[in-house]
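Enquirer: sequence and predicted structure, then a few things I'm wondering about:
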Amino acid sequence: MSRLLQWLDARTGFRTARHVLLDEEIPAGTGWAFTLGSVLLALISIQLLTGAFLTLYYAPTPDHAYDSVRFISSTTSGRLVRGLHHFGASFLVVFLVLHLLRVVILGSYKPPREITWLSGLALMGLVLAFALTGYLLPWDQRAYWATVVTINISKLAPVAGEAMAAVMQGGSTIGALTLTRWYSAHVIFLPALLVGLIVAHLVLMRLQGSSGPLRPKGKPFAFYPYQAFRDTVVVSIVLLAVLAMAWNGMPPLEGPADPTDANYIPRPEWYFLGLFQLLKYFPGKWEVIGAIVIPGVVAAFLALLPWIDRGPERDPRRRRLVMTLVAAGVVAVVGLTTLGWRDRPISAAGDAWSLREIGGRTIAGYSGCAKCHTDTGLADPLESMALSRGAEWVSGHVSDPEMIAPGLREPPAQRSEREVAAILAYVRRVSRQPYPGYPAQTEVAAAVWARYCVGCHRIDGDGGKDGPELSHAGVKEGKPQDVATIRTWIEDPEAIDPLADMPSFGNRLKPEQLDAISAYLAARK
């Protein structure tokens, strides 16, 4: 074995590499706070590895991207890999910020480490670029509309904004060229830049050495075994946390991307919520301030920090101005992110089915859809479809199925635009989440809501705004509303209020429908 190791060392120099990696001298007092760099390397490795496996099954075209992600998510191993990739990205952002704060607090950006600091900022920018480009790849509603927002924001950049947006979009609309470009950036160009920057960052760090604690407590010591042990412990804990989150669940898919859905409210990933919230305070022509000016000032401050804070002192207690500015920035980011999280639409707060989606299932049932859409029928079951068509196409198909399947069957009864929208909502939801089952009375009420009420009233963020909000219809002016009162309102509104604009539904709804919708609304306290 000794001769074999000597032979390998003579041809590979692995002992020299081991010495370089493990025997580096680091300042005395270097401890747990200096394990963050190793955590970042481990998380980046996880991202590269899981991303490589995902490309084996992912199809970067609008027609197949959503289905390929659905297929990946349908297997145990696929769910785990996708979960690791998703949650690993969030952990990566968190530890990047922690690493940056540790460097700022200890003044590790001071001479001679200015270039190391700048390379670290560039790495953070690359990680955020990974997050942006990877966001589009599932090609679901959330991905599509978040990308629309991103491209619109890029247009606000001075001088080159329109050119940047054109390169990102790749055509007159967001489509196949957009997806191809973002996929190429995500799996080819950005990884190459990332690996190059990591190598440069590590080389610079080794050349200048670790900054170490504020006051070294003795003679320098080798990285191995003490610091290596600390790094191994922290890396193991973080990776186990990522694995636990990936094991317990993966990010849910929304419906396939629908460019015609103008009612969809785009939501970014949590680490962009702060910027998303900031834009709300600068509407219209002032949007450029929240989108470009303020982030640009923050980026410039961080890049110039080694020259702004030029003194030799590293103790944060003696760098009060810099620490105050950084603390204010952290509080602002945390506050904006929290406000953005709390300000999200109610419908985006969980996985509960909306009343429209439940009603769409009932409407699809009595619309005759199941005549063809069954396991043994002429078309795929609605539960296994990944619908990529818009409401107009679905409306045409429901009204006249012969437009895509001549001679197969007679067209069903004409359905209203609201009923078609409910069927569309149901098919999109059931394609990514099995129907959980609801009481029969709720299903009847949902069908009534989806057909008659949703155009004027709103429940849990879904519906029109012409009529009163009904999310808490069971309470009015602090007093409970009983079923009989609500039923009277629906049957004959003028019997309660002669000036009511709401039409009477007493002759449109069956008694069991009136009972169901009245009981449902009365129960919403």
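Expert: Thanks, I have it.
Enquirer: please enumerate residues in contact with the strand or helix carrying Ala200?
Expert: Per DSSP states H and E: Ala200 is located in helix 190-208. Helix 190-208 is touched from outside by 24, 37, 41, 44, 48, 51, 112-113, 115-116, 119-120, 122-123, 126-127, 129-130, 133, with contacts defined as Cβ atoms under 8 Å, 6 or more residues apart in numbering. Heads up, the C-betas are built off the backbone N, CA and C, glycines and all.
Enquirer: then stretch 165-182?
Expert: Looking at stretch 165-182 with Cβ under 8 Å, 6+ apart, the contacting residues turn out to be 60-62, 65, 133, 136-137, 139, 144, 147-148, 150-152, 154-155, 259.
Enquirer: give me that answer again for 10 Å
Expert: Here stretch 165-182 makes contact (Cβ atoms under 10 Å, 6 or more residues apart in numbering) with 60-63, 65, 132-137, 139, 143-145, 147-148, 150-157, 160, 185, 189, 257, 259.
Enquirer: next step: the residues you listed restricted to strands.
Expert: Among the contacts of stretch 165-182, DSSP state E puts none in strands.
Enquirer: what is the neighbour count of Val167?
Expert: Look at Val167: counted by other Cβ atoms under 10 Å, it has 12 neighbours.
Enquirer: nope, Leu321 is what I meant
Expert: 9.
Enquirer: secondary structure element for it?
Expert: Using DSSP H and E, Leu321 falls in helix 320-342.
Enquirer: what do you get for Asp9?
Expert: helix 2-12.
Enquirer: alpha carbons only: can I get the helix or strand following that helix in PDB?
Expert: Where DSSP H and E defines the elements, the next helix or strand beyond helix 2-12 is helix 14-22. This file holds the C-alpha atoms of helix 14-22, laid out as PDB (Å, rounded to 0.1, in the frame of the first residue of the first chain):
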ATOM      1  CA  PHE A  14      -2.300  14.200  -4.000                       C
ATOM      2  CA  ARG A  15      -0.200  14.600  -0.900                       C
ATOM      3  CA  THR A  16       0.700  18.100  -1.900                       C
ATOM      4  CA  ALA A  17      -3.000  18.800  -2.600                       C
ATOM      5  CA  ARG A  18      -3.800  17.400   0.900                       C
ATOM      6  CA  HIS A  19      -1.200  19.700   2.400                       C
ATOM      7  CA  VAL A  20      -2.600  22.700   0.700                       C
ATOM      8  CA  LEU A  21      -6.200  21.900   1.600                       C
ATOM      9  CA  LEU A  22      -5.800  20.700   5.200                       C
END
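Enquirer: circling back to that earlier point, out of the contacts of helix 190-208, which end up buried?
Expert: For the contacts of helix 190-208, a burial check counting by 16 or more other Cβ atoms under 10 Å picks out 24, 37, 44, 51, 113, 116, 119-120, 122-123, 126-127, 129-130, 133.
Enquirer: closest one to Leu424 out of these, please.
Expert: Within the buried ones among the contacts of helix 190-208, the smallest distance to Leu424 is 29.0 Å, found for Thr133 (Cβ to Cβ).
Enquirer: pLDDT at the closest one, what is it?
Expert: What the model reports as pLDDT for Thr133 is 93.
Enquirer: that one touches Ala146, doesn't it?
Expert: No. Assessed by Cβ atoms under 10 Å, Thr133 is found out of contact with Ala146, at 11.5 Å.
Enquirer: which of the buried ones among the contacts of helix 190-208 fall within helices?
Expert: 37, 44, 51, 116, 119-120, 122-123, 126-127, 129-130, 133 (DSSP state H).
Enquirer: which of these sits closest to Leu275?
Expert: Once Cβ to Cβ is applied, the member of those that ends up nearest Leu275 is Ala129, at 14.1 Å.
Enquirer: just checking, the closest one touches Ala89?
Expert: No. Contact criterion Cβ under 10 Å: Ala129 and Ala89 do not qualify, at 11.9 Å.
Enquirer: chain center to the helix holding Ala200: distance?
Expert: 28 Å (Cα atoms, centre = their mean, to the nearest Å).
Enquirer: and the strands in the stretch 401-525 of the chain?
Expert: 458-459, 462-463, 475-476, 479-480 (DSSP state E, counting those that start in this stretch).
Enquirer: just say which of those is most tucked in.
Expert: Mean neighbours per residue, mean count of other Cβ atoms under 10 Å, is largest over the strands of the stretch 401-525 of the chain for strand 462-463, with a mean of 22.
Enquirer: counting by contacts, list what that strand packs against.
Expert: helix 355-366 (3 or more Cβ pairs under 10 Å, 6 or more residues apart in numbering; DSSP states H and E).
Enquirer: mind listing what's buried in the helix it packs on?
Expert: Applying 16+ other Cβ under 10 Å to helix 355-366 flags 355-364 as buried.
Enquirer: what of stretch 282-291?
Expert: The neighbour-count check on stretch 282-291 (16+ other Cβ under 10 Å) flags 287-291 as buried.
Enquirer: OK, contacts around Pro480?
Expert: 474, 522, 525.
Enquirer: output the below-cut-off pLDDT ranges for the stretch 101-250 of the chain.
Expert: Of all residues in the stretch 101-250 of the chain, none has pLDDT under 70.
Enquirer: repeat that with 80
Expert: Scanning the stretch 101-250 of the chain for pLDDT under 80 picks out 212, 214-220, 223, 249-250.
Enquirer: gap between stretch 446-459 and the chain center?
Expert: With Cα atoms, centre = their mean as the basis, the mean position of stretch 446-459 lies at 29 Å from the chain mean.
Enquirer: could you list the buried residues of it?
Expert: Result for stretch 446-459 [16+ other Cβ under 10 Å]: buried residues 446-454, 456-459.
Enquirer: redo the residues you listed as CSV? Include pLDDT.
Expert: As requested, the buried residues of stretch 446-459 are exported to CSV (pLDDT from 0 to 100):
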residue, pLDDT
Ala446, 91
Ala447, 91
Val448, 91
Trp449, 89
Ala450, 89
Arg451, 89
Tyr452, 90
Cys453, 89
Val454, 87
Cys456, 88
His457, 89
Arg458, 88
Ile459, 87
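Enquirer: dump the helix holding Ala200 to CSV, restricted to CA.
Expert: The C-alpha trace of helix 190-208 is given here as CSV (Å, rounded to 0.1, in the frame of the first residue of the first chain):
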residue,chain,number,x,y,z
LEU,A,190,-24.2,30.9,-15.1
PRO,A,191,-22.6,27.7,-13.8
ALA,A,192,-19.5,28.3,-15.8
LEU,A,193,-19.2,31.8,-14.3
LEU,A,194,-20.0,30.5,-10.8
VAL,A,195,-17.3,27.9,-10.9
GLY,A,196,-14.8,30.5,-12.2
LEU,A,197,-15.7,33.0,-9.5
ILE,A,198,-15.6,30.4,-6.8
VAL,A,199,-12.0,29.4,-7.8
ALA,A,200,-11.0,33.0,-8.0
HIS,A,201,-12.5,33.8,-4.6
LEU,A,202,-10.8,30.8,-2.9
VAL,A,203,-7.4,31.7,-4.5
LEU,A,204,-7.7,35.3,-3.4
MET,A,205,-8.7,34.1,0.1
ARG,A,206,-5.6,31.8,0.3
LEU,A,207,-3.3,34.5,-1.0
GLN,A,208,-4.4,37.1,1.6
